[in-house]
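# sequence unknown, structure follows:
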C-alpha cells in the first residue's frame, strides 16, 4: 500500500509568481484535503476535494485553488504569491463513504514553500 | 467556530518518565472527534490517538492515553514510559461528525532528555 506523496519537497518562488503543488493520495482513498502550516503554528484547513469537486473550504482567498483528478490525485495552485504564503503545505487523503462517521486523514510529508 | 488551544508551547521530560500535554477546545456541537497528532522532524503528521465525544471511556493506545473531560472541554494526552522517539511536535485537533476539516491547536514541542 502506497502512502500519501507530495511534490516537490521544497520550492522557492518570488512575490507575485504562481505555484502548483502536487499530491498523490493513498491507494483506495477518494478524498484529498489541503492544509497550510506556517512556521511554529498548527495546520490550517485550505479546502477539500471529493470526487473531483470542492467539498468544503477554509478562510483562504480565491487565489488559492485546487483540482482533483480521476485517479484522486490533487493539485494546489496559488496565484499572486505573497510573502505570508511561505509555509509548509500538507496534503491528507481519506476514504469518504456513506454515513457521517470518522474518515481518518493520512498526511503526506508536505511541501515547504518559501516566497522571497 | 470551533477553536483548539494548547497552552504549553514546550514540554520536556526525562526518558522513561510520564508527561501530560494539555488541550482545551470550544464547540457548540455535541457530536465530534478529538485527536492527538505527532509531527516529527520528518514533518509527516501521524495520528497518535483519537476520542469520540459520545464515548465516556478514555481512549488508550499502548503508552498513550487521554483524559477526556467533555463538560470542561478538556482533552489531555498522557505519555507513559517516555522514549527518545517520542520527541516531536504534538498537535491536538478537532472535527465535527461529518465535517470536512480538522481544526488544530498551536502545538506543543516535546523534548525527551536521556
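Okay, I see it. Small disclaimer: the values here were computed from a predicted structure and weren't measured.

# contacts and neighbour counts: CA atoms only from here.
OK.

# please tell me I have it right and residue B:102 contacts residue B:93.
Yes: contact between residue B:102 and residue B:93 holds when scored by Cα atoms under 8 Å: they sit 6.2 Å apart.

# higher neighbour count, these two?
Looking at residue B:102 and residue B:93 with other Cα atoms under 10 Å in any protein chain shown, you find the greater number of neighbours at residue B:93, namely 28 against 21.

# burial count for residue B:53?
19.

# got phi/psi on it?
Main-chain torsions, residue B:53, degrees, to the nearest 10: phi -60, psi -30.

# what pLDDT is listed against it?
What the model reports as pLDDT for residue B:53 is 92.

# now residue A:4
95.

# also residue B:41?
On the pLDDT scale, residue B:41 is placed at 88.

# do the same with residue A:41
For residue A:41, pLDDT reads 94.

# that one contacts residue B:106, doesn't it?
Yes: with contact defined as Cα under 8 Å, residue A:41 reaches residue B:106; the gap is 5.0 Å.

# more crowded one of the two?
Each of residue A:41 and residue B:106 has its neighbours counted (other Cα under 10 Å); residue B:106 has more, 22 against 15.

# now the more buried one. Nearest residue, chain neighbours left out?
residue A:42 (4.6 Å; Cα to Cα, 6 or more residues apart in numbering or on different chains).

# who in chain B is up against chain A?
The interface of chain B toward chain A, taken as Cα under 8 Å from any Cα of the partner chain, is made up of B:33, B:42-46, B:91, B:97-98, B:100-107.

# is stretch A:64-81 anywhere near chain B?
No: judged by Cα under 8 Å from any Cα, stretch A:64-81 stays clear of chain B, getting no closer than 15.5 Å.

# the strands in chain A, which residues?
Remark: strands assigned in chain A by DSSP state E are A:5-7, A:10-13, A:19-24, A:31-37, A:44-50, A:53-57, A:64-68, A:74-78, A:87-94, A:106-107, A:111-115.

# in TSV, list those along with distance to residue B:21 and mean neighbour count.
As requested, the strands of chain A are exported to TSV (distance: least, Cα to Cα, whole Å; neighbours: other Cα atoms under 10 Å in any protein chain shown):
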stretch	distance to residue B:21	mean neighbour count
strand A:5-7	30	21
strand A:10-13	31	13
strand A:19-24	31	21
strand A:31-37	21	26
strand A:44-50	21	23
strand A:53-57	30	16
strand A:64-68	34	19
strand A:74-78	33	20
strand A:87-94	24	26
strand A:106-107	22	24
strand A:111-115	27	20
